[in-house]
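1. got a structure for you, letters missing:
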């Protein structure tokens with residue numbers, strides 16, 4: 001929940017006097033208060049997908065023993081868990097134990113001054129905001145560790161890890177898996193001509209166009225500056241060749257608009273067939289096929305296992321008329 005949104009409190013108590021005294025104070029503190037009168041109503045509110053910033057539970061709630069209600073709430077509310085403040089008539093050993101093991105986060109006595117209530121509520125809300133911010137930072141760190149920051153596709157390390165998983169599935173199901181590795185031709189020229197920012201935009205556009213042609217379970221990553229790698233589960237080498245041809249036409253045939261210019265890019269493609277082998281080996285084969293494609297010229301497609309034919313060596317002979325040594329292919 002955004003930090004600027006008003007915090008939501010679930011206030012569960014059957015005591016009208018307690019409700020009338022506490023609710024205005026809580027609302028004055030900027031909280032939106034949801035009031036329920038029973039343990040069942042509190043659980044129904046949480047099971048509906050609501051995640052309040054704070055749960056204030058009266059130990060006198062009817063319907064369930066309060067200890068069972070707390071245990072049920074802890075299995076219902078998503079991580080990070082909403083803090084629970086228990087409103088009790090006194091301090092018992094049970095509640096001391098529940099505070100110690102983290103089942104509840106705070107205990108406040110019913111006769112306490114309302115100003116003290118507000119102080120305790122503010123403290124729990126601050127702690128909950130920090131917990132939510134830390135969770136958001138943790139998720140962002142995970143995303144940054146998995147994805148290329150520029151294009152949003154998988155980085156090399158994550159893609160290689162996922163390829164091991166896909167290889168295991170290929171072995172179990174005796175299915176196929178192909179890699180398509182492509183490299184943008186002469187990207188250094190565009191870096192020199194357009195600058196880094198414009199070329200970053202080009203890479204993002206290439207990534208977006210490529211992703212639009214893939215199936216939901218295909219994997220797209222960026223292992224190098226101007227290289228992209230596609231993993232195609234349940235795809236034969238012939239189908240991978242067809243996809244490479246589609247990429248050559250649908251991604252690179254149309255100009256890219258960047259920095260006020262229309263830029264025509266091209267790419268070379270290397271294809272390798274997994275056959276259940278180590279992804280490291282298959283990736284090297286895709287790199288080798290890409291080298292063959294680059295040697296063949298821009299917009300070339302090569303599949304490992306079908307190397308390009310070697311150019312024939314010239315034959316030397318003497319001209320019958322001039323006596324000069326000539327070369328023929």
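-> Arrived safely, thanks for sending. As the structure is a computational prediction, the values presented were derived from the model and not from experiment. Numbers count the residues shown, from 1 in each chain.
2. pLDDT value on the closest residue to residue 195 other than its chain neighbours, please?
-> Closest residue in space to residue 195, ignoring its immediate chain neighbours: residue 259 at 7.4 Å, by Cβ to Cβ, 6 or more residues apart in numbering. Every C-beta, even on glycine, is put in place using the N, C-alpha and C of the backbone. Residue 259 is assigned a pLDDT of 83 by the prediction.
3. What's the separation between residue 259 and residue 194?
-> According to Cβ to Cβ, to the nearest Å, residue 259 and residue 194 sit 5 Å apart.
4. for residue 248, same thing?
-> Applying Cβ to Cβ to residue 248 and residue 194 gives a distance of 22 Å.
5. same question, residue 169
-> 41 Å.
6. More neighbours: which of those two?
-> Higher neighbour count among residue 169 and residue 194: residue 194, with 18 against 13, using other Cβ atoms under 10 Å.
7. Just want the phi and psi numbers for the more buried one.
-> phi -100, psi -20 (degrees, to the nearest 10).
8. Also residue 91?
-> Torsion angles, degrees, to the nearest 10, at residue 91: phi -100, psi 110.
9. excluding its backbone neighbours, what's nearest it?
-> Excluding its sequence neighbours, the residue lying closest to residue 91 (Cβ to Cβ, 6+ apart) is residue 107, at 6.7 Å.
10. helix/strand/coil for that neighbour?
-> Secondary structure state of residue 107, per DSSP: H, G, I helix; E, B strand; the rest coil, is strand.
11. what stretches of the stretch 151-300 of the chain score poorly on pLDDT?
-> In the prediction, the stretch 151-300 of the chain carries no residues with pLDDT under 70.
12. 90 instead, please
-> 156-157, 173, 224-225, 253, 259-261 (pLDDT under 90).
13. At which residues are the strands of it located?
-> Per DSSP state E, counting those that start in this stretch, the stretch 151-300 of the chain carries strands over the ranges 154-155, 177-184, 219-224, 227-233, 256-258, 261-263, 267-273.
14. list the helices and strands the helix or strand hosting residue 43 packs on?
-> Using DSSP states H and E, the element containing residue 43 is helix 39-47. Other helices and strands packing on helix 39-47, by 3 or more Cβ pairs under 8 Å, 6 or more residues apart in numbering; DSSP states H and E, are strand 8-12, strand 32-36, helix 66-74.
15. Nearest to residue 120, out of those?
-> strand 8-12 (12.3 Å; Cβ to Cβ).
16. What mean pLDDT does that closest one get?
-> 88.
17. Just say which of the helices and strands packed on helix 39-47 is most tucked in.
-> Per residue and on average, the most neighbours among the helices and strands packed on helix 39-47 fall to strand 8-12, with a mean of 23 (mean count of other Cβ atoms under 10 Å).
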